[in-house]
Every structure is written in structure tokens, then in C-alpha cells.
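S.K.: Any chance you can model this:
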Amino acid sequence: MGLPGKGDKPTDRQDTEELVEDAAQENQVRLNADVPRSLRKQVQIQAAKEERNIREVVIDAIEEYLSRHSQE
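M.R.: Take a look at the predicted model:
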């Protein structure tokens, strides 16, 4: 399964996990960003609730953002 294109969106957690795994198989690069402490804490809490790691949540968030904004 490849990364979603325009208009494609994962429909359930399994699809999302497959996308994260596909992304993990690509060459990885480090992406650093300064974010408010409260936002980092919210991401940590959400990741824990979903039994996922922060990296997975951040990748999903970036992909969703790009998907929404690439349609403009």
C-alpha cells in the first residue's frame, strides 16, 4: 500500500498503521520543530490513549494536514 494521494484518506486504524509502516520503510530524516510545551503534552497524552508512539501521531498529523491543504 502506498501513501495516499489527493482525496485518499485512511478509513480506519489498520489503514493508518499500514501508512505509518510504509513511511517507516522510506529513508528517514530528522525533522525538528520547536512547539509549545502544552502541545507536546497533548500529543503525548493522545498517543498514550491510542497506544501509539509520538512519531506515529506526528506523521499522521502532517499527512492529514498536507492532504487537506494540497486540495486547495
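
S.K.: Is residue 35 in a helix, a strand, or coil?
M.R.: Judged by DSSP: H, G, I helix; E, B strand; the rest coil, the three-state class of residue 35 is coil.

S.K.: State the pLDDT value of it.
M.R.: Note for residue 35: predicted pLDDT of 97.

S.K.: distance between the strand or helix carrying residue 65 and the chain's centre?
M.R.: In this assignment (DSSP states H and E), residue 65 forms part of helix 54-70. The chain centroid and the centroid of helix 54-70 are separated by 4 Å under Cα atoms, centre = their mean, to the nearest Å.

S.K.: hey, C-alpha coordinates of that helix in PDB?
M.R.: Below are the C-alpha coordinates for helix 54-70, written out as PDB (Å, rounded to 0.1, in the frame of the first residue of the first chain):
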ATOM      1  CA  ILE A  54       4.500  10.200  19.300                       C
ATOM      2  CA  ARG A  55       6.300   9.700  15.900                       C
ATOM      3  CA  GLU A  56       3.200   7.900  14.500                       C
ATOM      4  CA  VAL A  57       0.800  10.600  15.700                       C
ATOM      5  CA  VAL A  58       3.000  13.300  14.300                       C
ATOM      6  CA  ILE A  59       3.400  11.600  10.900                       C
ATOM      7  CA  ASP A  60      -0.400  11.100  10.700                       C
ATOM      8  CA  ALA A  61      -1.000  14.800  11.600                       C
ATOM      9  CA  ILE A  62       1.400  16.000   9.000                       C
ATOM     10  CA  GLU A  63       0.000  13.700   6.300                       C
ATOM     11  CA  GLU A  64      -3.600  14.800   7.100                       C
ATOM     12  CA  TYR A  65      -2.600  18.500   7.000                       C
ATOM     13  CA  LEU A  66      -0.900  18.000   3.700                       C
ATOM     14  CA  SER A  67      -3.800  16.100   2.300                       C
ATOM     15  CA  ARG A  68      -6.300  18.800   3.300                       C
ATOM     16  CA  HIS A  69      -4.100  21.700   2.000                       C
ATOM     17  CA  SER A  70      -2.900  20.100  -1.200                       C
END
